[in-house]
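Q: Structure for the following, please:
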Amino acid sequence: MADPMETQSKAAAIAEAQTGKHVLDIVEAQLRRLGATHILVTGLPMPNRPIDGLVHRFRWADERAGGIERSDLDTEDGALMLGLMRNRAFVWDVTVGDMEHSELFASLGGETRVVVVPVTETHPFQAVVMGGGAHLEAGSVELSNLELICNTAFRRLIDLGVLSTQRPGDLSARERRVLELTALGKTASDIAGLLDISQRTVHAHLQNASAKLNASNKTHTVVEALRYGQIRL
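A: Numbers count the residues shown, from 1 in each chain. Have a look, this model is predicted:
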């Protein structure tokens, strides 16, 4: 079982680290202790936006013939989408079906396990830390400790200026507020009165948010805004 004092020590080391490399080295070492042979630490892009510039560590050898490079990452890769599924760390047993929808999974070279750690404490910025390996093992305590380390790491990367919490395609503050009120059941008339703007402006904000989130209607826009961390209820 993981030693909580050791985890606190690592979190403290991250908080005192002076370079992004040092921070990422600590995260990678923790993943490798759990049996990970493949490592990915990356921000998650908004819909229809590239992942370039958001990847901070990519140690993901391709076990098949050929290779997978950082530049090959697809924002719609099924493995990356796991980072948007939940708010807590979990272990995913990769199946043959998963490999059909993910180059990252396929490159592992066979059925294996992946630990997925959604980074949730850098709102509205979203990130995910992943480690894959045939012999990976992580219980509830190890997952909780890993969450602490990964969230601490991303906060430190922000403090060091290694990454910005602003992503291309993020909603504006007013677009977020309009969507939050919409999610709470407020009508355009209600929102216009609360924010002292016209109903036409309310609809414009909703349309802009829908376009940024690649959503098909108002309900879909709210769902996607929640999924991509743009609003919270």
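Q: any weak-confidence spans in the protein?
A: The model of the chain has pLDDT under 70 over residues 1-3, 65-66.
Q: which residues in it form helices?
A: Along the chain, the stretches classed as helices by DSSP state H are 4-16, 20-33, 78-81, 96-99, 103-106, 140-159, 173-183, 188-195, 199-212, 218-227.
Q: what does the fifth one contact?
A: Translated: helix 103-106. 40, 60, 64, 68, 72-74, 77-80, 94, 98-100, 114, 130, 132 (CB atoms under 8 Å, 6 or more residues apart in numbering). The way it works is simple: take the backbone N, C-alpha and C, and place the C-beta from them, glycine included.
Q: Among these, which are located in strands?
A: Mapping these onto strands (DSSP state E) picks out 40, 114, 130, 132.
Q: quick one on the thing from earlier: CSV for the helices of the chain, including mean neighbour count and distance to residue 123?
A: Formatted as CSV, the helices of the chain follow (neighbours: other CB atoms under 10 Å; distance: least, CB to CB, whole Å):
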stretch, mean neighbour count, distance to residue 123
helix 4-16, 14, 19
helix 20-33, 18, 19
helix 78-81, 20, 19
helix 96-99, 15, 28
helix 103-106, 22, 25
helix 140-159, 19, 11
helix 173-183, 19, 11
helix 188-195, 16, 21
helix 199-212, 18, 17
helix 218-227, 18, 12
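Q: quick one on the thing from earlier: state the pair within the ones in strands among the contacts of helix 103-106 that is farthest apart.
A: Largest separation among the ones in strands among the contacts of helix 103-106 by CB to CB: 40 and 114, giving 9.3 Å.
Q: how is this structure carved up into domains?
A: According to automatic domain parsing, the chain is divided into the following domains: 4-159, 173-227.
Q: quick revisit: who touches both of residue 40 and residue 114?
A: Applying CB under 8 Å, 6+ apart, one finds that residue 40 and residue 114 are jointly contacted by 79, 130, 131.
Q: nearest to residue 219, of those?
A: Checking those against residue 219 with CB to CB, the nearest one is residue 79 at 27.5 Å.
Q: For that closest one, which non-adjacent residue is closest in space?
A: Spatial nearest neighbour of residue 79, chain neighbours left out: residue 104 (3.9 Å); criterion: CB to CB, 6 or more residues apart in numbering.
Q: Tell me who's in contact with residue 201.
A: Residue 201 sits next to residue 192 when contact means CB under 8 Å, 6+ apart.
Q: I'd like to know how far it sits from residue 175.
A: Using CB to CB, to the nearest Å, one gets 11 Å for the distance from residue 201 to residue 175.
Q: Kindly provide the distance from the residue most central in space within the chain to residue 6.
A: Among the residues of the chain, the one closest to the centroid is residue 127, at 2.7 Å (CA atoms, centre = their mean). Between residue 127 and residue 6 the computed distance is 24 Å (CB to CB).
Q: sorry, back to before: if any of the contacts of helix 103-106 are buried, put those into a PyMOL selection.
A: Buried residues among the contacts of helix 103-106 (16 or more other CB atoms under 10 Å), as a PyMOL selection:
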select buried, resi 40+60+68+73+77+78+79+80+94+98+99+114+130+132
